[in-house]
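J.: sequence first, predicted model second:
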Amino acid sequence: MRIVVDHNKCTGLGMCEAEAPELFEVQDDGSLVILNEKPDEDARAEAEAAVESCPTEALSIVED
């Protein structure tokens, strides 16, 4: 699995960071950094919760 962000849609609200702080970090300028683009399968639930929590639908999970 790989986490993908569409930076054109992301507004930096931080809902993903609240759901999975080990995977996402919103910078001071509002830009999103994915801390681990290819997390282990044991982080799937957190990654999926973060994707679902994104109000702008900027995040997605791609199966490798």
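T.: In hand now; what should we look at?
J.: got the contact list for residue 34?
T.: Counting by C-beta atoms under 8 Å, 6 or more residues apart in numbering, residue 34 makes contact with 3, 5, 23, 24. Where you see a C-beta, it was placed from the backbone N, CA and C, and this is true even at glycine.
J.: element containing the first one, please.
T.: I take that to be residue 3. If you go by DSSP states H and E, residue 3 is part of strand 2-5.
J.: measure the closest residue to residue 16 other than its chain neighbours to residue 30 for me?
T.: Excluding the flanking residues, the one nearest residue 16 by C-beta to C-beta, 6 or more residues apart in numbering is residue 50, at 3.9 Å. Separation of residue 50 from residue 30 (C-beta to C-beta, to the nearest Å): 17 Å.
J.: residue 25 should be in a strand, yeah?
T.: Yes: secondary structure of residue 25 (DSSP: H, G, I helix; E, B strand; the rest coil): part of a strand.
J.: skipping adjacent residues, who's closest to it in space?
T.: Sequence neighbours aside, residue 33 is the residue nearest to residue 25 in space, at 4.8 Å (criterion: C-beta to C-beta, 6+ apart).
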